[in-house]
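J.: need a structure here:
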Amino acid sequence: MAPASVNIARVLYLLVCAGAGYAVATITKGTALEVSTFQGLCGGLFLGGIFVWLELLIKRFSLRAFSTATFGLLIGVFCAWLLTRLQVFDLVNITLRARLSAAEGNPDIGADVASTLALSLNLLLYATLGFLGSVVALRSSRDDFAFIIPYVRFRQDSSTGQPVVLDAESIMDARIPAVVRSGFLSGRLVVPRFVLDEIQVLANSPTPAKRQRAERGLACLDQMRGGKDMQVSIEDTAGVSADETMTGRLLQVAQLLGARLLSTDENLCKVAKLRGVEVLNLDELLDALRPSVTVGEKVRLALVRGGKDEHQGVGYLPDGTMIVVNHASPKIGTTQDVVVISTLQTSGGQILFAELAGA
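T.: Next up, the predicted model:
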């Protein structure tokens, strides 16, 4: 469904076309080219209807694509202009004029036909190269344009950054505002309207856990929009197909905006990578920042409590990884050097087992 503003613009345009048709009928009244008022109104509405129909056909043609096609069209027309400066068609004009004049026995007829043909070839050349330039530009990537205009992309990316599209999971993740404020995530944050609607549905869910997560997501979003150091926008997605799944619509928005996708959904991240969309995954970032501790490595550890067995002491690494130290219960409350002897991977994360160094 088109927004109400677009429908109002269409109606106003049709009224203007009808007014133009009425003006033509008024001006031509009493002349050889007289047009009746009915014909003028119908003609104006018919012409306006054609352009509204064309606008409906290109409703998914974004402003970015229009500017790209215009740039390609200008390049194609410029190339055609360079070719016409070679005056290749003047040779065709001269050759055909002589032959047609000899065949028809009338020099004027030969000159008119040759001139018309040369003009047609010129128009065909401009139209062909303009069309090819537009199509090639639409199929090109930003890297291709950066090759032609090398500094435009660099200056734009350095000042504003590439946009980042948020999905529902990332909005409901309370870590996002802190990550943005830290400066590691730059660029405008984009929240599609259908993602906001999904969170609103979850906020009205009868399940307490889902409702609590959705309410936290709405609170985080409100906090980010109120922050001066964050640019958050709610985007209407009129050009995105409503028949697509949530994943497909998110990827369409990211591709249309040339944006990155921020998500913690593993399956969504895999699909996005397959479709050529750049993905930011906070879980992968945490895995990369988590210190790697191997068997046999010595660690300085603060023992904070007892373990499952009476002789065990427990401490934690900065990332929250638990280390169980054997025969360390007398050392609880102190900081000791321990040596990792084994690791255990559980559903809740990794657990390390260690012995006191020198024991």
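J.: Just grab the bridge partners of the residue lying closest to residue 301 once chain neighbours are set aside for me.
T.: Spatial nearest neighbour of residue 301, excluding adjacent residues (CB to CB, 6 or more residues apart in numbering): residue 315 at 4.0 Å. Bear in mind the C-beta positions are built from the backbone N, C-alpha and C, glycine included. Beta bridges link residue 315 to residue 303, residue 323, judged by DSSP bridges.
J.: residues near residue 315, how many?
T.: 25 (other CB atoms under 10 Å).
J.: That one: what's it in contact with?
T.: Contact analysis of residue 315 by CB atoms under 8 Å, 6 or more residues apart in numbering lists 301, 302, 303, 304, 322, 323, 325, 338.
J.: Separate out the buried members of those.
T.: Neighbour counting by 16 or more other CB atoms under 10 Å classes 301, 303, 322, 323, 325, 338 among the contacts of residue 315 as buried.
J.: Tell me the helices and strands packed up against the helix ranked longest in the chain.
T.: Among the segments of the chain that qualify as a helix by DSSP state H, the longest is helix 107-139. Judged by 3 or more CB pairs under 8 Å, 6 or more residues apart in numbering; DSSP states H and E, the packing partners of helix 107-139 are helix 63-85, helix 88-104.
J.: Compare those and say which comes out lowest on pLDDT.
T.: Of all the helices and strands packed on helix 107-139, the minimum mean pLDDT falls on helix 88-104 (a mean of 64).
J.: where in the chain is pLDDT low?
T.: 1-3, 60, 88-114, 141-161, 229, 237-243, 289-291, 347-348, 359 (pLDDT under 70).
J.: In it, what residue spans correspond to strands?
T.: 164-166, 189-192, 232-235, 260-262, 279-280, 298-306, 313-316, 322-326, 335-346, 349-356 (DSSP state E).
J.: Using a markdown table, lay out the ones you listed together with distance to residue 203.
T.: Below are those laid out as a markdown table (distance: least, CB to CB, whole Å):
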| stretch | distance to residue 203 |
| --- | --- |
| strand 164-166 | 16 |
| strand 189-192 | 15 |
| strand 232-235 | 16 |
| strand 260-262 | 21 |
| strand 279-280 | 25 |
| strand 298-306 | 38 |
| strand 313-316 | 34 |
| strand 322-326 | 34 |
| strand 335-346 | 33 |
| strand 349-356 | 30 |
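J.: ok, back up a step: any idea which of the buried ones among the contacts of residue 315 is the one closest to residue 171?
T.: residue 322 (30.0 Å; CB to CB).
J.: got a list of what the closest one touches?
T.: Contacts of residue 322 (CB under 8 Å, 6+ apart): 314, 315, 316, 349, 351, 352.
J.: Give me the distance between it and residue 295.
T.: 16 Å (CB to CB, to the nearest Å).
J.: and what of residue 118?
T.: 84 Å.
J.: roughly how far apart are residue 283 and residue 25?
T.: Residue 283 is 69 Å from residue 25, by CB to CB.
J.: let me redo that: residue 224
T.: 57 Å.
J.: quick revisit: could you look over the strands of the chain and pick the most buried one?
T.: strand 164-166 (a mean of 26; mean count of other CB atoms under 10 Å).
J.: tally of neighbours for the residue lying closest to residue 137 once chain neighbours are set aside?
T.: Leaving aside its sequence neighbours, residue 137 sits nearest to residue 72 (CB to CB, 6+ apart; 2.6 Å). Using other CB under 10 Å, residue 72 is surrounded by 22 other residues.
J.: What of the one 10 residues further on?
T.: Neighbour count for residue 82, taken as other CB under 10 Å: 10.
J.: Now flag whichever of the contacts of residue 322 is closest to residue 12.
T.: residue 349 (61.1 Å).
J.: my guess is that closest one contacts residue 321, does it?
T.: Yes - at 6.7 Å, residue 349 and residue 321 qualify as touching, with contact defined as CB atoms under 8 Å.
J.: With neighbour numbers in mind, choose between residue 118 and residue 295.
T.: Between residue 118 and residue 295, counted using other CB under 10 Å, residue 118 has the larger neighbour count: 19 against 12.
J.: where's the more buried one relative to residue 59, distance?
T.: 39 Å.
J.: cool, and residue 128?
T.: Counting by CB to CB, the gap from residue 128 to residue 59 is 27 Å.
J.: Thank you kindly, that will do.
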